[in-house]
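Asks: no letters, just coordinates:
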Ligand SMILES: Nc1ncnc2c1ncn2[C@@H]1O[C@H](COP(=O)(O)OP(=O)(O)O)[C@@H](O)[C@H]1O
Ligand SMILES: [Mg+2]
């Protein structure tokens, strides 16, 4: 299984590691995939693009044995795989890194890496080997193999799943939006690693919403739209970013760009003073009315932590927040208090603490504003329905109706549901943590536009982001964090991709 | 850029009927508790005509009342992904307190009853505090509370049966209006109130959210601990009412009052579709589970099944209900 030299006879099947033949997948009356046929060349990196809900995760789920197709066949090295489960596909050398992190919180990072592939002898786990292997795999990643995975941050958790696949000795490795949660240096590392494995003959399927990543790393690309193959190319060199976007959307893409201006003369809407919390030590920060401000920095530098402290999720030891020039009161100690004060926050991890998966879209949208729309504790269902219908429409959520269960939505649509929920509280300060992570290019523009329009109604917005492109397009001022404080502030025309990349790594 | 869609009309038609079939089977399985209930009633009726008589139906509803109250009480912590095993023990202990308050402390029976219910409510509240503020594991915390309360009941009664209950106290358990027993009305009332609470109030919606994803609920501005404490407190209150009803109906409080209900009180809501993982379930399902268990008990008692087999057959019937539900979740959820 670990041998990476591929001895193959010269049949037609040497050319393609995977052939996907007429695969369809339906959920009830709804088709998530429609007769998709695709060949993946051996030893290549094959990009898979498509809007949220286009069917990418469904397709790779079928390839990896997680789900079964309603119709169609998958050929691995020329042999049909039928009724295979994840275990047997992994034994055949196909490894999938799922879109949502699959981590068991209360066991160590090392064990998470080896989950299901424990080195063993006669049924006994060889702990010493496991630990040594894990330590080798985690070298240079900054992750302590002995620490419980639950205590790692989102980036590290993501890395665990990726590393498990990369070191598995698998011959086909599928990465479903692996870069969405990674920092810039981590992406570089991942790409280097992928190229190295590719030279050893490993085949990759790589899903991403970032055209530049696809163009940089992939050899070929396929685009899914509404469950069907919309196009693609065997020769990535012939493709340009706009072409990809057009294939994804089925129309030309207009990139959003906020009209940046100075807010010096606007009244101060939010003033933060002397905030001390875990990983945060901030003297002062003023945010003007209608201003959009970006927080960025390496993990642990304080950007995320300050955002959470303002919302009461990262309990502040001290510090005040004041609105509209009125003297500040101490920071909220619970999200409920924050919402009541007009502060709304959207988490970067929608699965963990963004949405309640098995509730309906409408129920999720209403969740944070239930009691302010209630009469004597009773939810006014008429009002609620119209409110939810409104956000359901204005967010452009792709689902049959607002009565769909959130779990069945694709990631980007779940994100829109969460965004609808926080907007429904009608905040004066809106804090968005990685608001477009895992969202396709088209929806990304929608989201940035919604935020822009909201700011014009006088709402102040904080966007926490490591996506420099997003910061360049959406914010008026960028605060680069280091050591829990604002390390540098970038305004106006200085907000460029190059500047931000350089500062973030400094 | 054309989508490959060349399904012929006939294929579409078969697809539609197969989807329709799927839906129909799904619907049947979704209501399996009720269908199984009707089947059992008819089945028992065939063995013994008396089973279908009005009198026996009245008997079943009376028997179901206490279990119904307990099933509701157990369901609430389950909905927030916790559990309360101490509810039947709470029933026994609190009703004994009520009886002693009347007999030994000289309180009027109604006040004494309220004292009992109040104690039950406080115990529920205390359980909630332990589980949220002290982060005790609910399974073990309420298990120990169950043992404490069972022991306390034994100590209070000194192993004897309390029968010194006032006429007013035992009225509701035995009264009937126009031949129909009054006691089941309390259960109906409780089902309706809890049902409305779950469906239409902010509290109910918060309960489902907390059970579904506590972290997301917290970030959504719901005070998760508070919601959990409230569910435990309501559960305690319902256990107190159930204790009053059981004592009133039996006109006695034994030294192990209520303990025989434990497994059935937990099984009923789960059979009725309340998820042990939280966030799922409703009162209609709970009622179905309660009636199903009661019908099995009563049915086996009045048909001529030799008593040595009753336990085994009853367990088997419950097993079938749960197995069918598992099939539903697997293929039709
Ligand atoms: N278990 C399911 N039940 C119903 N619909 C589903 C289920 N899983 C996925 N879908 C639907 O299938 C479509 C494709 O989803 P997905 O493959 O996750 O999209 P992508 O990964 O391209 O964003 C979406 O519209 C989604 O709502
Ligand atoms: Mg996906």
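Replies: Everything's here; your move. Just so it is clear, the structure is predicted and the values come from calculations on it, not from any experiment. Ligands and ions are numbered 1, 2, ... in the order given.
Asks: which stretches of the chain have low pLDDT?
Replies: Chain wasn't specified; assuming chain A. In the predicted model, chain A carries pLDDT under 70 at residues A:1-13, A:505-506.
Asks: sorry, I should have been clearer: chain B.
Replies: Using pLDDT under 70, the flagged stretches of chain B are B:1-19, B:329, B:332-333.
Asks: so which bits of it are right by chain A?
Replies: By Cβ under 8 Å from any Cβ of the partner chain, the part of chain B that sits against chain A consists of B:1, B:3-5, B:19, B:22, B:200-203, B:205-206, B:208-209, B:212-213, B:215-223, B:279-280. The C-beta positions use only the backbone N, C-alpha and C, and glycine is treated the same way.
Asks: so residue A:216 touches residue A:192, yeah?
Replies: No - with contact defined as Cβ atoms under 8 Å, residue A:216 and residue A:192 do not form a contacting pair (11.6 Å).
Asks: can you pull the residues that touch both of these two?
Replies: Common contacts of residue A:216 and residue A:192 (Cβ atoms under 8 Å, 6 or more residues apart in numbering or on different chains): none found.
Asks: mind listing what the residue in the stretch 51-200 of chain A positioned nearest to ligand 2 touches?
Replies: Using Cβ to the ion, residue A:57 is the residue of the stretch 51-200 of chain A that sits closest to ligand 2, at 3.2 Å. With contact taken as Cβ under 8 Å, 6+ apart, residue A:57 is in contact with A:98, A:99, A:176, A:207, A:410, A:411.
Asks: now the first one: closest residue in space, sequence neighbours ignored.
Replies: Read that as residue A:98. In space, residue A:98 comes closest to residue A:176 once its chain neighbours are excluded; the distance is 5.6 Å by Cβ to Cβ, 6 or more residues apart in numbering or on different chains.
Asks: distance check, the one you found against residue A:50.
Replies: For residue A:176, the distance to residue A:50 equals 12 Å [Cβ to Cβ, to the nearest Å].
Asks: shared neighbours of these two, anything?
Replies: Contacts common to residue A:176 and residue A:50, judged by Cβ under 8 Å, 6+ apart, are residue A:56.
Asks: which residues sit against stretch A:145-165?
Replies: So stretch A:145-165 is contacted by A:95-98, A:101-110, A:112-115, A:117, A:131, A:134-135, A:137-138, A:141-143, A:173-175, A:178, A:181-183, A:186, A:190, A:299-300, A:348-349 (Cβ under 8 Å, 6+ apart).
Asks: SS state for residue A:326?
Replies: Secondary structure for residue A:326, judged by DSSP: H, G, I helix; E, B strand; the rest coil, is coil.
Asks: how many neighbours does residue 236 have?
Replies: Chain wasn't specified; assuming chain A. 20 (other Cβ atoms under 10 Å in any protein chain shown).
Asks: hm, I was asking about chain B
Replies: Using other Cβ under 10 Å, the number of residues around residue B:236 comes to 29.
Asks: for it, which non-adjacent residue is spatially closest?
Replies: residue B:124 (1.8 Å).
Asks: could you do residue A:267 as well?
Replies: Using Cβ to Cβ, 6+ apart, the closest residue to residue A:267 is residue A:289 (5.3 Å).
Asks: show me where chain B has helices.
Replies: Here chain B has its helices, by DSSP state H, at B:9-30, B:32-47, B:54-79, B:87-103, B:109-132, B:138-157, B:167-174, B:183-200, B:202-212, B:214-219, B:224-250, B:262-271, B:283-302, B:307-332.
Asks: how about the stretch 51-200 of chain A?
Replies: A:56-63, A:86-91, A:109-113, A:127-138, A:154-166, A:184-199 (DSSP state H, counting those that start in this stretch).
Asks: the fifth one vs helix A:184-199, what angle?
Replies: Comparing the axes of helix A:154-166 and helix A:184-199 via axes from the mean of the first three to the mean of the last three Cα atoms, to 10 degrees yields an angle of 0 degrees.
Asks: just give me how far helix A:154-166 sits from the chain centre.
Replies: 14 Å (Cα atoms, centre = their mean, to the nearest Å).
Asks: and what of the third one?
Replies: Taking the mean C-alpha point of helix A:109-113 and that of its whole chain, the gap between them comes to 22 Å (Cα atoms, centre = their mean).
Asks: the closest residue in space to residue B:40 that isn't next to it in sequence: what's it in contact with?
Replies: Closest residue to residue B:40 apart from its sequence neighbours, by Cβ to Cβ, 6+ apart: residue B:295 at 5.4 Å. By Cβ under 8 Å, 6+ apart, the contact list for residue B:295 reads B:37, B:40, B:41, B:44, B:60.
Asks: same check, this time on residue A:463
Replies: Contacts of residue A:463 (Cβ under 8 Å, 6+ apart): A:292, A:293, A:294, A:295, A:432, A:435, A:451, A:470, A:471, A:474, A:475.
Asks: in a strand, that's where it is, yeah?
Replies: Yes - assessed by three-state DSSP, residue A:463 belongs to a strand.
Asks: distance check, it against ligand 2.
Replies: Noted for residue A:463: a distance of 23 Å to ligand 2, by Cβ to the ion, to the nearest Å.
Asks: what ranges does the stretch 251-400 of chain A have for its strands?
Replies: For the stretch 251-400 of chain A, the strands defined by DSSP state E, counting those that start in this stretch occupy A:268-277, A:280-288, A:292-296, A:318-323, A:329-330, A:343-346, A:374-375, A:378-379.
Asks: now render those as CSV, adding distance to ligand 2.
Replies: Putting the strands of the stretch 251-400 of chain A into CSV (distance: least, Cβ to the ion, whole Å) gives the following:
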stretch, distance to ligand 2
strand A:268-277, 34
strand A:280-288, 33
strand A:292-296, 25
strand A:318-323, 37
strand A:329-330, 41
strand A:343-346, 19
strand A:374-375, 35
strand A:378-379, 32
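Asks: between those strands, which gets nearest to ligand 1?
Replies: Closest to ligand 1 of these, according to Cβ to the nearest ligand atom: strand A:343-346, at 18.9 Å.
Asks: quick one: is that closest one near chain B?
Replies: Yes - Strand A:343-346 is in contact with chain B by Cβ under 8 Å from any Cβ, via residue A:345.
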